[in-house]
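Chemist: Task: produce atomic coordinates for the following.
(one chain, ligands or ions: 1)
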Amino acid sequence: MDAHIAVDIGASSGRLVLGRLKHSKLVLEEIHRFDNGFRELDGSLYWDIEHLLEQIVAGLQAAKKAGVDSCTLGIDTWAVDYALVDREGRRLREVYAYRDRRTDSAPAELEKLISREALYEKTGIQQLTFNTIYQLFAHDREERARADQVLLVPDYLYFRLSGRRINEVTNASTTQLLNLQSRDYDAELLSILGMRREQFAALTEPGTPLGGLDPALQQRYDLPLCSLVVAATHDTASAVLGVPAREGSSWAYLSSGTWSLLGVERDQPLNTKETMVANYTNEWGAYGTYRFLKNITGLWLIQEVRRQSGDRYSFAELVQMAEQSEPYRSLIDCNDDRFLNPPDMAEEIRRFCRDTGQKVPESVAQVARCIFDSLALSYGTYLDELESLTGEPVEVLHIVGGGAKNELLCQLTADATGREVCAGPVESTALGNLMVQMIQTGVFRDIHEARRTVAESFEVTRYKPGPLAAGVKERWNRIVKK
Ligand code: LFR
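Modeler: Below you'll find the predicted structure:
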């Protein structure tokens, strides 16, 4: 089988990408792209999961039209969100979106039942109000008890395509319910939630073959013959696999999309008191790795400014406008909770600047500039922190994902981190998804060979650090919460 398809769905868009090895190079072709986003229904935020399924089917039909008769298929999406299904596999309700505010008080409530320290010691997962543990804790009790199984979003999509139920591990770790020692769901945490182990499926490693599509689906829609392979279903896990890093070099990654995930790949978790206080996570990776990283509110800031201005400007235009705007005029603490899902992002940014006694960004250009400057400065702060927590120097920062094509942000990042930035590939998530399929089918021997091939197949752009304007770091340190 020489055709491989990655279904890669992020918070704002999804795509089906066809990957093939041609003359020792990995060649990608986007065969279908669609919008994604959550919407409000009766005061709650939900994803339109049926829309995603329809789009996967439409993408597979497009692949067939393009001449793909048989292929392997892997799926990745964002993390933490879940479907509850009954014994027959019927969904009990729409899938909540993680920015829904029903979990605001959940961390404090749960802390009455288990301390933050104990929770972190067991799981090594950073505290984010939307982790599945908090979402399940805040979920309607009766419905939670009635659920036959909890399937995270990509698990659910695999289930709907094949009828098979799994909990893939890279994503399952973001539930904050897995125990690092036993490498399974933690019995105490489940009992705090009033849940049973059987309500979760078997933990399944990336690279596990899952058989074919549901035959009824395949015939009804005239789809290619697909062999499903379990991808690293958490998009960030796939994105990190797709980093074209050289073996033995000291590198960190920044997976830059709706979120900015800044971290290093390790073969052991690091869950000390210090890493807990600094709120770093140890998400499980493919092939025995851990992603030691921090979530930084990423391009979501600019995506929301754009959306709320009625999509008046393209992203490229916003970057261009920001480029011509005064640098470091106003700065925001990107990880302040107020930016999680405000009704008006530009207004919230202005309010932050007002509250912290700074010049207020008035024009869209000034708001965009404030976002890019602040993101870059965040990366600088957290990269230094990361180095000191791991005790290992980072020489190169690989930026992958959509943010890698934002030249302004890449240069600002090189300046703010004082490190060489290697930007690209943009499609690292789809690549990571494909790499697992290609390792499973024997195209690549292992992840090292796959990464070497990615490095040889895609151009990266290098940015050398320049000097930071005087006084910027001091101003930044004053406004950012530690
Ligand atoms: C990125 C991502 C992050 C996760 C967030 C919510 O798309 O998967 O890794 O923390 O979305 O699921």
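Chemist: For residue 33, what is the enclosing helix or strand?
Modeler: In this structure, residue 33 sits in strand 25-35 according to DSSP states H and E.
Chemist: Note down every partner strand of that strand and its orientation.
Modeler: The pairing partners recorded for strand 25-35 under DSSP bridges are strand 13-22 (antiparallel).
Chemist: Can I get the partner strand as CSV, trimmed to CA atoms?
Modeler: Coordinates of each C-alpha in strand 13-22 appear next as CSV, following Å, rounded to 0.1, in the frame of the first residue of the first chain:
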residue,chain,number,x,y,z
SER,A,13,-10.1,23.7,10.4
GLY,A,14,-9.7,20.2,9.3
ARG,A,15,-8.0,18.5,6.3
LEU,A,16,-7.3,15.2,4.7
VAL,A,17,-3.8,15.0,3.5
LEU,A,18,-2.5,12.3,1.2
GLY,A,19,1.1,11.2,1.8
ARG,A,20,3.4,9.2,-0.4
LEU,A,21,7.0,8.3,-0.6
LYS,A,22,8.4,9.3,-4.1
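Chemist: Get me the contact residues on the stretch 51-200 of the chain for the ligand.
Modeler: Remark: the part of the stretch 51-200 of the chain in contact with the ligand comprises 78, 79, 80, 98, using C-beta under 6 Å from any ligand atom. For every residue, glycine as well, the C-beta is placed using N, CA and C.
Chemist: who's in contact with the third one?
Modeler: Residues counted as contacts of residue 80 (C-beta atoms under 8 Å, 6 or more residues apart in numbering) are 98, 128, 130, 131, 132, 135, 152, 174, 175.
Chemist: what number of residues lie near the second one?
Modeler: Put plainly, it is residue 128. Residues lying near residue 128 (other C-beta atoms under 10 Å) number 18.
Chemist: Surely it forms part of a helix?
Modeler: No. The assignment for residue 128, made by DSSP: H, G, I helix; E, B strand; the rest coil, is coil rather than a helix.
Chemist: hang on, isn't it packed against residue 295?
Modeler: Yes. Contact criterion C-beta atoms under 8 Å: residue 128 and residue 295 qualify, at 6.2 Å.
Chemist: what helix or strand is the closest residue to the ligand within the stretch 151-300 of the chain on?
Modeler: Proximity to the ligand, evaluated over the stretch 151-300 of the chain using C-beta to the nearest ligand atom, is greatest for residue 236 at 3.7 Å. When elements are assigned from DSSP H and E, residue 236 belongs to helix 235-241.
Chemist: quick revisit: export the residues of the stretch 51-200 of the chain next to the ligand to TSV and tack on pLDDT and secondary structure?
Modeler: What follows is those, written out as TSV (pLDDT from 0 to 100; DSSP: H, G, I helix; E, B strand; the rest coil):
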residue	pLDDT	secondary structure
78	98	coil
79	98	coil
80	98	coil
98	98	coil
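Chemist: Please work out how many residues are found near residue 356.
Modeler: Summarising burial for residue 356: neighbours were counted as other C-beta under 10 Å, giving 15.
Chemist: Now it: closest residue in space, sequence neighbours ignored.
Modeler: residue 479 (5.0 Å; C-beta to C-beta, 6 or more residues apart in numbering).
Chemist: which residues touch residue 415?
Modeler: Residues touching residue 415, when contacts are defined by C-beta under 8 Å, 6+ apart, comprise 376, 465, 466, 467, 468.
Chemist: cutoff 6 Å now
Modeler: 465, 466, 468 (C-beta atoms under 6 Å, 6 or more residues apart in numbering).
Chemist: which among the residues you listed end up buried?
Modeler: 465, 468 (16 or more other C-beta atoms under 10 Å).
Chemist: neighbouring contacts of stretch 296-305?
Modeler: For stretch 296-305, contacts defined as C-beta under 6 Å, 6+ apart pick out 258-260, 262, 334-335, 339, 345-346, 367, 371, 378, 403.
Chemist: Of all pairs in these, which one spans the longest distance?
Modeler: Farthest apart among the contacts of stretch 296-305 by C-beta to C-beta are 262 and 346. That separation is 24.8 Å.
Chemist: Okay, buried residues for the lengthiest helix in the chain please.
Modeler: Counting residues, the longest helix in the chain under DSSP state H turns out to be helix 364-390. Judged by neighbour count (16+ other C-beta under 10 Å), helix 364-390 contains these buried residues: 364-383, 385-387, 389-390.
Chemist: and that helix, what other elements does it pack with?
Modeler: Helix 364-390 is packed against helix 300-308, helix 315-323, helix 407-417, with contacts defined by 3 or more C-beta pairs under 6 Å, 6 or more residues apart in numbering; DSSP states H and E.
Chemist: roughly how far out does it sit from the chain middle?
Modeler: Relative to its parent chain, helix 364-390 has a centroid offset of 18 Å by C-alpha atoms, centre = their mean, to the nearest Å.
Chemist: got the angle for that helix vs helix 315-323?
Modeler: Orientation check (axes from the mean of the first three to the mean of the last three C-alpha atoms, to 10 degrees): helix 364-390 against helix 315-323 gives 90 degrees.
Chemist: avg pLDDT for helix 364-390?
Modeler: What helix 364-390 shows for mean pLDDT is 98.
Chemist: what inclination does it have with respect to helix 300-308?
Modeler: Compare the direction of helix 364-390 with that of helix 300-308 by the same axes, to 10 degrees and you get 160 degrees.
Chemist: what are the pairing partners of the helix or strand following helix 364-390, and which direction each?
Modeler: Following helix 364-390 in sequence order, the next helix or strand is strand 396-400 (DSSP H and E). Strand partners for strand 396-400, identified by DSSP bridges, are recorded as strand 251-256 (parallel), strand 420-423 (parallel).
Chemist: Now look at the first one and say if it contacts the ligand.
Modeler: In this case it means strand 251-256. No. Under the criterion of C-beta under 6 Å from any ligand atom, the ligand is not reached by strand 251-256; the shortest gap measures 7.2 Å.
Chemist: What lies in contact with that strand?
Modeler: Applying C-beta under 6 Å, 6+ apart, the set of residues contacting strand 251-256 from outside is 236, 239-240, 243, 245, 260-262, 264, 394, 396-401, 403.
Chemist: Filter those residues down to just the buried residues.
Modeler: Among these, those that count as buried by neighbour count (16+ other C-beta under 10 Å) are 236, 239-240, 243, 245, 260-262, 264, 394, 396-401, 403.
Chemist: Report how many residues lie close to residue 253.
Modeler: By other C-beta under 10 Å, neighbour count at residue 253 equals 27.
Chemist: what do you get for residue 154?
Modeler: Residue 154, neighbours per other C-beta under 10 Å, totals 27.
Chemist: if I pick it, what's in contact with it?
Modeler: Residues 75, 77, 233 are the ones in contact with residue 154 under the rule C-beta under 6 Å, 6+ apart.
Chemist: From those, keep the buried residues only.
Modeler: Burial by neighbour count, judged by 16+ other C-beta under 10 Å, picks out 75, 77, 233 from those.
Chemist: now those in CSV, with pLDDT, distance to residue 300 and secondary structure?
Modeler: What follows is these, written out as CSV (pLDDT from 0 to 100; distance: C-beta to C-beta, whole Å; DSSP: H, G, I helix; E, B strand; the rest coil):
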residue, pLDDT, distance to residue 300, secondary structure
75, 99, 22, strand
77, 98, 16, strand
233, 99, 21, coil
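Chemist: Quick one: low-confidence residue ranges for the stretch 101-250 of the chain.
Modeler: Scanning the stretch 101-250 of the chain with the threshold set as pLDDT under 70 gives no residue ranges.
Chemist: And the strands in it?
Modeler: Secondary structure of the stretch 101-250 of the chain, counting by DSSP state E, counting those that start in this stretch: strands at 149-152, 167-168, 178-179, 184-185, 203-204, 209-212, 225-229.
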